[in-house]
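# Generate a structure from the sequence data that follows.
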Amino acid sequence: MLYGKKLYSYAIHSWKLNEDASWDLIYKTIYRVAETYTNYQFASEEKFASFIFKIFINYLRNYYRDHKTEKAFEFMAMDDVDLSSKESVESDAKANVKMVALNEVLEKMEDWERMLLLMRSEGQPYSVIAKYIDKPENQLKVYYQRLKEQLTKKLNDRS
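Numbers count the residues shown, from 1 in each chain. Reported below is the predicted structural model:
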């Protein structure tokens, strides 16, 4: 957690990344460090911290390169999805098969999971979301990352 907070602060303030992109890159970095740190020997804690930071910088550069031409966006634009209306789901079924698949996956989720996805897609901070969802604020980031991966995987499996 010590490294995560420093990397998060750096990504937000220096690279102007949004919260979710920052945490995605931090998790990638941590997983990469866990895979590769045994291949190296570090003279001190500072050298190890430099190693972690260098991996993180590489992920930041890759992210910037991949997204520099794209407009900044959230995971999904949920504004276009009306989850409460069954009629709109049926009419969208003819127009968009992926939208139907998305609605089917969302219907199988618990209410708090849908609320978390929806509120994050609207740019709400985790502190506000925690007031509506009976989960600790510091765990919502992890839940959100897992839900995004789960949703993406299920939608890709249907394609």
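
# Tell me which stretches of the chain form helices.
Taking DSSP state H as the test, the helices found in the chain are 2-14, 19-36, 45-67, 86-95, 97-108, 111-121, 126-132, 137-158.

# Please produce JSON lines containing those, extended by mean neighbour count and mean pLDDT.
Any C-beta I mention is one placed from the backbone N, CA and C, and that applies to glycine too. Formatted as JSON lines, those follow (neighbours: other CB atoms under 10 Å; pLDDT from 0 to 100):
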{"stretch": "helix 2-14", "mean neighbour count": "14", "mean pLDDT": "86"}
{"stretch": "helix 19-36", "mean neighbour count": "16", "mean pLDDT": "92"}
{"stretch": "helix 45-67", "mean neighbour count": "14", "mean pLDDT": "89"}
{"stretch": "helix 86-95", "mean neighbour count": "12", "mean pLDDT": "50"}
{"stretch": "helix 97-108", "mean neighbour count": "15", "mean pLDDT": "78"}
{"stretch": "helix 111-121", "mean neighbour count": "18", "mean pLDDT": "87"}
{"stretch": "helix 126-132", "mean neighbour count": "14", "mean pLDDT": "87"}
{"stretch": "helix 137-158", "mean neighbour count": "14", "mean pLDDT": "86"}
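
# Which pLDDT does the model give the residue of the chain most remote from its centre?
Using CA atoms, centre = their mean, the residue of the chain lying farthest from its centre is A43. It sits 34.0 Å away. Looking at A43, its pLDDT is 91.

# Cool, thanks, signing off.
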